[in-house]
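**Q** Give me a 3D structure for the following:
(one chain, ligands or ions: 2)
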Amino acid sequence: MIAVEVALSRVVADLVPTTGETVALSQSLHRVLAADCAARVSHPPLDVSSMDGYALRAADAPGPLTVLGEAAAGHPFEGVIASKQAIRIFTGAAIPAGADCVAMQEDCRRDDNLVSIDSPIAAGAHIRRAGMDFHHGQVLLKAGTLMGPRQIALAAAMNLPWLPVRRRPRVAIMSSGDEITMPGEPMRAGQLPSSNGPGLAALVQANGGEAVQLGIAADTRQSLAAMIAAARGCDLLVTSGGASVGDYDMVQDALTDHGLTLDFWKIAMRPGKPLMFGHLRHVPVLGLPGNPVAAMVCATVFLRPMLRCLLGLPPHNPLVSATLATEMPANDARQDYVRATLTRKPNGAIIAQPFGRQDSGALSGLAGADCLIVRAPHAQAVKAGDAVAILPLHGDC
Ligand SMILES: Nc1nc2c(c(=O)[nH]1)N[C@H]1C(S)=C(S)[C@@H](COP(=O)(O)OP(=O)(O)OC[C@H]3O[C@@H](n4cnc5c(N)ncnc54)[C@H](O)[C@@H]3O)O[C@H]1N2
Ligand code: MOO
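**A** Numbers count the residues shown, from 1 in each chain. Ligands and ions are numbered 1, 2, ... in the order given. Alright, predicted model coming up:
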């Protein structure tokens, strides 16, 4: 059995980011930029007012000044302001030639076509300079940026209607087992619905991939072989089930028939001991255990970083620290991923409460967990109040 960290470094070692494609800005949420993007405009495009008020020369304050006209956003005042003159101006409007500041409306007194300024004012007040935010040609969004709502707002301000993004990695997902059916299908006695296929597909989608569910192979070499063949053209093949040592655990044999180059099988991890990794004609193959919690935890720990690498993102799965609510015994040789809830104390401390039942077939606990407490191999017993490392579980895992 190899260590989790060694396994993790091996699964991401040879991954090359997918090629780029162009998508509309409106379709770019959660996509990763494949190239640097430069602004096609300056922002703001010219000197504009940041307040509603009067544009004037600061040296002319307190006035009174003659109001020549007005400027609103998108409707500039075309004339020139001379000494003792002002214009009414609104937020976002261009600063007229000759003016060097804007007095806020609240600081001004208007009397017919005259305006007086009640507070001291300096040149430059309430003016946003052209290009204050960014200039035409400036690279503001770098290759590798994950596009969220804030980055989309910036790209729009940069006048970029299309963006170069990494193609979504195509991940073929294959479940196996004679007892497994698709959710909702008729079931014989003893059969159960596949949770791994839909759960893994959702994890792939939530992490920027395109899931291709191949279906459920029967526990025969022929059935497994047919499904493995259907994975051609994918960037990554993920199998679930049939990974252990039982007579009907034939996934690895079927993959070997197809030319699998095995990298590793079995790691020091709980849940997830029979994890397998290799390559089928250069396509990485991640063989997940069938136990539903093991499949999803291994996907969180291994598949998520693999997807990140295929998207050109750093593979990190950062651990953070929490305070333990109850004692935990010393750990054995396998790195343990313990399902737990998190609560925040009024003083800001984050408290992790492990579930009593940690069976790797019990999905209800995983779905209700906020985090996995990560316990190193041979970790010593810990007591309530001790610090532990946790892997937070968000909406994408
Ligand atoms: N003698 C040993 N037996 C087992 C060992 C071992 O080291 N020696 N390891 C155990 C561990 S740890 C795990 S994890 C499991 C992994 O088994 P497999 O990967 O071969 O998975 P299956 O036998 O196919 O199924 C296990 C379990 O999970 C259910 N399952 C399978 N696929 C799905 C699916 N798509 N959706 C929902 N549930 C699924 C299946 O019905 C079984 O109950 O091996 C232990 N045994
Ligand atoms: O590691 Mo298995 O994944 O214990 O259930």
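
**Q** C-alpha only now, for contacts and for neighbours.
**A** Noted.

**Q** mind checking the SS state of residue 256?
**A** helix (DSSP: H, G, I helix; E, B strand; the rest coil).

**Q** Offset the numbering so it begins at 701, please.
**A** OK, 701 is where the count begins now, so the last one is residue 956.

**Q** pLDDT score for it?
**A** Per-residue confidence (pLDDT) for residue 956: 93.

**Q** any idea how far residue 768 is from residue 777?
**A** Distance, residue 777 to residue 768, by CA to CA, to the nearest Å: 9 Å.

**Q** Of the two, which one has the most company?
**A** Set side by side, residue 777 and residue 768 show more neighbours around residue 777, with 20 against 16, by other CA atoms under 10 Å.

**Q** Spell out which helix or strand contains the more buried one, please.
**A** Assigned by DSSP states H and E, residue 777 belongs to no helix or strand.

**Q** surely it meets residue 770?
**A** Yes: look at residue 777 against residue 770 with CA atoms under 8 Å: they come within range, at 6.1 Å.

**Q** At which residues are the strands of the stretch 951-1097 of the chain located?
**A** Counting by DSSP state E, counting those that start in this stretch, the stretch 951-1097 of the chain has strands at residues 960-965, 969-970, 976-980, 983-988, 1020-1024, 1035-1044, 1050-1054, 1071-1075, 1087-1092.

**Q** when you scan the lengthiest helix in the chain, is anything in it near ligand 1?
**A** The helix spanning the most residues in the chain, taking DSSP state H as the definition, is helix 896-906. Yes: if you take CA under 6 Å from any ligand atom as the test, helix 896-906 does meet ligand 1, through 896-897.

**Q** What about residue 1030, how many residues nearby?
**A** Residue crowding around residue 1030 was assessed by other CA under 10 Å; the count is 13.

**Q** cool, residue 1016 as well?
**A** A count of nearby residues for residue 1016, using other CA under 10 Å, gives 12.

**Q** Contact partners for the closest residue to residue 1057 other than its chain neighbours?
**A** Distances taken as CA to CA, 6 or more residues apart in numbering place residue 1065 nearest to residue 1057, at 7.8 Å, with adjacent residues excluded. Counting by CA atoms under 8 Å, 6 or more residues apart in numbering, residue 1065 touches 1039, 1055, 1057-1058.

**Q** Please tell me which one of the residues you listed counts the most neighbours.
**A** Busiest of the contacts of residue 1065 [other CA under 10 Å] is residue 1039, holding 28 neighbours.

**Q** hang on, residue 952 packs against residue 943?
**A** Yes: under the criterion of CA under 8 Å, residue 952 makes contact with residue 943 at 6.8 Å.

**Q** Of the two, which one has the most company?
**A** Relative neighbour count places residue 943 above the other of residue 952 and residue 943, with 26 against 22, counting by other CA under 10 Å.

**Q** my read: that one touches residue 988, true?
**A** Yes: with contact defined as CA under 8 Å, residue 943 counts as touching residue 988 (6.8 Å).

**Q** Need the residues touching each of those two.
**A** 974-976.

**Q** Report the entries of those residues that also contact ligand 1.
**A** Checked against ligand 1 using CA under 6 Å from any ligand atom, the shared contacts of residue 943 and residue 988 yield no neighbours at all.

**Q** what would the residues you listed look like in JSON lines with pLDDT, neighbour count and distance to residue 873?
**A** Output for the shared contacts of residue 943 and residue 988, formatted as JSON lines (pLDDT from 0 to 100; neighbours: other CA atoms under 10 Å; distance: CA to CA, whole Å):
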{"residue": "974", "pLDDT": "95", "neighbour count": "24", "distance to residue 873": "17"}
{"residue": "975", "pLDDT": "96", "neighbour count": "27", "distance to residue 873": "15"}
{"residue": "976", "pLDDT": "96", "neighbour count": "25", "distance to residue 873": "15"}
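
**Q** Mind splitting the protein into its structural domains?
**A** Following automatic domain parsing, one gets these domains for the chain: 704-716+868-1010, 720-743+833-866, 748-828, 1020-1092.

**Q** Quick one: end-to-end length of the third one, please.
**A** When you say that, I think you mean domain 748-828. Start-to-end, domain 748-828 (CA to CA) is 5 Å.

**Q** so how far is it off the chain centroid?
**A** 45 Å (CA atoms, centre = their mean, to the nearest Å).
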